[in-house]
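Asks: let's see this in three dimensions:
(chains A, B, C and D)
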Number of protein chains: 2
Amino acid sequence: MPAPLKTKEEVIEQLTDVFREHGYTGTTLSMLSEATGLVKASLYHYFPRGKKDMGLAVLEQVGDRFLQEVIEPIDLDGNISEQLELMSLHLIKFYKDGRVACLLEVFSLGQARELFQDIIKKRIERLTNVIASLLQKAGFDSEQSRQRAIDAIVQVEGALVVARASGDRQVFIDAMQVLPTQLLRM
Amino acid sequence: MPAPLKTKEEVIEQLTDVFREHGYTGTTLSMLSEATGLVKASLYHYFPRGKKDMGLAVLEQVGDRFLQEVIEPIDLDGNISEQLELMSLHLIKFYKDGRVACLLEVFSLGQARELFQDIIKKRIERLTNVIASLLQKAGFDSEQSRQRAIDAIVQVEGALVVARASGDRQVFIDAMQVLPTQLLRM
DNA sequence: GTCTATAAGCAGATAGAC
DNA sequence: GTCTATCTGCTTATAGAC
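Replies: Purely as a prediction, here's the structure:
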C-alpha cells in the first residue's frame, strides 16, 4: 500500500492558512478544497463531520505548534530577560510578522463561538498559567505574575488586530519587541 | 404623509448589534431582517446596494458615535490625568463592559477586508492622531505621543479580544482602568 | 483515498403589488 | 415604505464509482 501523497497533518496545515485569514464562518469548503487541492468529498474522508471537524483539527494543531515553537524553547532555568527576548522573537515568527491572525480571536466570533468556546477558554487559561509561572521565576508574586501574563496575551492579540486593521505590520513587530521590557517593568 | 415607524438611524443601530457579534461575513440578511423586523426586500429600500451598504452605514455610524461618546467629551484644557480617566470610563461604556466587539477588528477579516480596508485604515490613523495630540498636551514629544496612542489602541483591541475569547469581561474592564496610568508612565 | 455527480437548503438580491 | 414571491448561485453535505 503506497504512502498517501499527503499526511493528514499536511492537509491540516493547508486548512490553517485559510481559517486564519477568513475566520470560521468566512471560510467555505470551496476555499479549503482549493487550498488543499482536494475536492470537497475528499475532505470528508479526513474530516467525516465536515467543516466543524476541520476547525477543531486546525485549532488543535495550531495550539500544539504554539506550545512547541513559542513556549517549549523557554528555559525556565535560564536568564529571565533573555528567555523573554527569545519568546518575543518566536512570537514574531509564529505570527509571520503580523501577517496572520490568531485563531483564538477569529474562532471566538459569531456562531463559531459556541462551537469552540470551551476549547478556546481552556487554551487561554493554560497559556496564562505557563507565562505566569515563568514570571514567578523572575520574582513576581503569584497575582502579579498572573496579571502580567494576561497583559502579555492582550498585547499580542491587540497588536495583531491593529497591525491587520491598519495594514502596518510594523505595529506588531514593535509591540513584540518591547514586550519583554514591559513584562519585567516594576 | 405619516412619519416612518423607524428612522434610518434606528435601523442602522439594530444592524450594528448583529454585525458586531457575527462580523461581516458571518452576518446574513436573514439575521439583519430578524433584528430589524423588516423583510429582506425592505432592507433594500434603505440600502439599495445590499449588505455592503449596510456594512458601510454601520461602520460610519459607529465611528461617529465613538467620536461623540469617547473623544469629544475630552477637554483639552482640563487636567490630563482626569481626562484620560474619563476616556477610560467612556470606553468601558462604549464597548458595554467588553460584551461587544470593535468593528475595526471584525470588519478587517477575510473578504470584508478589501471592502472596508481604506475606511478602517483612515479611522485608525485619525484616532491615533487625536489621542497623540492629547498626549502632547501632557508634555510628551511628537513621536512618544504617537507611539503611546498606538499602544492605547492596541490595549483596547487586545483587551476586547481576550475578554471575548476567555469569556471573562473583567479582563477588559481591568485593562481600561489601568490605561490612563499606563499612558502617562515615564 | 480520490473522484464525479448530486441533493437540499440558504445566501444575496430583485420585480413588482399595495 | 413594506410586503410576497421568486431567482440564481453558492453553501454544506452525501452517495457511490474507481
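Asks: what about whichever residue of chain A sits closest to chain B, neighbour count?
Replies: Residue nearest to chain B within chain A (CB to the nearest CB): A:Gly158, separated by 2.4 Å. To be clear about C-beta, it is placed using only N, CA and C from the backbone, and glycine gets the same treatment. Counted with other CB atoms under 10 Å in any protein chain shown, residues neighbouring A:Gly158 total 29.
Asks: skipping adjacent residues, who's closest to it in space?
Replies: Distances taken as CB to CB, 6 or more residues apart in numbering or on different chains put B:Gly158 closest to A:Gly158, at 2.4 Å, once the chain neighbours are dropped.
Asks: how about that neighbour, what does it touch?
Replies: A:153-159, A:161, B:175 (CB atoms under 8 Å, 6 or more residues apart in numbering or on different chains).
Asks: which of the residues in the strand or helix carrying it are buried?
Replies: Assessed by DSSP states H and E, B:Gly158 sits inside helix B:142-166. Applying a neighbour-count criterion of 16 or more other CB atoms under 10 Å in any protein chain shown, the buried positions in helix B:142-166 are B:145-166.
Asks: ok, stretch A:38-58 next?
Replies: A:38, A:43-44, A:46-47, A:51, A:54-58.
Asks: and the nearest residue to A:Asp53 once chain neighbours are set aside, how far from A:Arg20?
Replies: If the residues on either side of it in the chain are set aside, A:Asp53 comes closest to A:Phe47, at 3.8 Å by CB to CB, 6+ apart. The gap separating A:Phe47 from A:Arg20 is 17 Å, by CB to CB, to the nearest Å.
Asks: then A:Arg49?
Replies: 21 Å.
Asks: what residues does chain A have near chain B?
Replies: The interface of chain A toward chain B, taken as CB under 8 Å from any CB of the partner chain, is made up of A:21-23, A:25-27, A:101-102, A:104-106, A:108-112, A:117, A:120-121, A:124-125, A:150-151, A:153-159, A:161-162, A:164-167, A:171, A:175.
Asks: mind putting the contacts of B:Gly158 in TSV, distance to B:Ser88 and pLDDT included?
Replies: TSV is the format used below for those (distance: CB to CB, whole Å; pLDDT from 0 to 100):
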residue	distance to B:Ser88	pLDDT
A:Ile153	20	98
A:Val154	15	98
A:Gln155	18	98
A:Val156	22	99
A:Glu157	19	99
A:Gly158	16	99
A:Ala159	20	99
A:Val161	19	99
B:Ala175	9	98
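Asks: next helix or strand past the helix holding B:Gly158?
Replies: helix B:170-184.
Asks: and that following helix, what other elements does it pack with?
Replies: Here helix B:170-184 touches helix A:142-166, helix B:80-94, helix B:142-166, going by 3 or more CB pairs under 8 Å, 6 or more residues apart in numbering or on different chains; DSSP states H and E.
Asks: name the residues of the second one that come out as buried.
Replies: Think helix B:80-94. Buried-residue list, helix B:80-94, by 16+ other CB under 10 Å: B:80, B:83-84, B:86-88, B:90-92, B:94.
Asks: stretch A:97-115 now?
Replies: Buried residues in stretch A:97-115 (16+ other CB under 10 Å): A:98, A:100-110, A:112-113, A:115.
Asks: quick one: low-confidence ranges for chain A?
Replies: Across chain A, residues meeting the criterion (pLDDT under 70) sit at A:1-4.
Asks: residue in it nearest to DNA strand D?
Replies: Residue nearest to DNA strand D within chain A (CB to the nearest atom of the strand): A:Gly50, separated by 2.3 Å.
Asks: was I right about that residue contacting A:Leu32?
Replies: No. A:Gly50 is not in contact with A:Leu32 according to CB atoms under 8 Å; the separation is 10.2 Å.
Asks: would TSV of the helices and strands packed on helix B:170-184 with distance to DNA strand D be doable?
Replies: TSV is the format used below for the helices and strands packed on helix B:170-184 (distance: least, CB to the nearest atom of the strand, whole Å):
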stretch	distance to DNA strand D
helix A:142-166	22
helix B:80-94	28
helix B:142-166	22
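Asks: neighbours of the closest residue to A:Arg123 other than its chain neighbours, just the number please.
Replies: The shortest distance from A:Arg123 to any non-neighbouring residue, by CB to CB, 6+ apart, is to A:Gly63 (5.7 Å). The number of residues packed near A:Gly63 is 18, by other CB under 10 Å.
Asks: now A:Gly63: which helix or strand?
Replies: Assigned by DSSP H and E, A:Gly63 belongs to helix A:51-66.
Asks: now do that helix against helix A:80-94, angle only.
Replies: Orientation check (axes from the mean of the first three to the mean of the last three CA atoms, to 10 degrees): helix A:51-66 against helix A:80-94 gives 140 degrees.
Asks: wait, does helix A:51-66 make contact with DNA strand C?
Replies: No. Using CB under 7 Å from any atom of the strand, helix A:51-66 never reaches DNA strand C; the gap is at least 13.3 Å.
Asks: let's see that helix as PDB, backbone CA atoms only.
Replies: Output in PDB follows, covering the C-alpha atoms of helix A:51-66 (Å, rounded to 0.1, in the frame of the first residue of the first chain):
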ATOM      1  CA  LYS A  51     -16.200  21.900   8.500                       C
ATOM      2  CA  LYS A  52     -16.700  21.600  12.200                       C
ATOM      3  CA  ASP A  53     -14.100  18.800  12.400                       C
ATOM      4  CA  MET A  54     -11.800  20.800  10.200                       C
ATOM      5  CA  GLY A  55     -12.000  23.800  12.500                       C
ATOM      6  CA  LEU A  56     -11.300  21.600  15.600                       C
ATOM      7  CA  ALA A  57      -8.300  19.900  13.900                       C
ATOM      8  CA  VAL A  58      -6.800  23.300  12.900                       C
ATOM      9  CA  LEU A  59      -7.400  24.700  16.400                       C
ATOM     10  CA  GLU A  60      -5.600  21.700  18.000                       C
ATOM     11  CA  GLN A  61      -2.700  21.600  15.600                       C
ATOM     12  CA  VAL A  62      -2.000  25.300  15.800                       C
ATOM     13  CA  GLY A  63      -2.200  25.100  19.600                       C
ATOM     14  CA  ASP A  64       0.300  22.400  19.700                       C
ATOM     15  CA  ARG A  65       2.600  24.300  17.300                       C
ATOM     16  CA  PHE A  66       2.400  27.300  19.500                       C
END
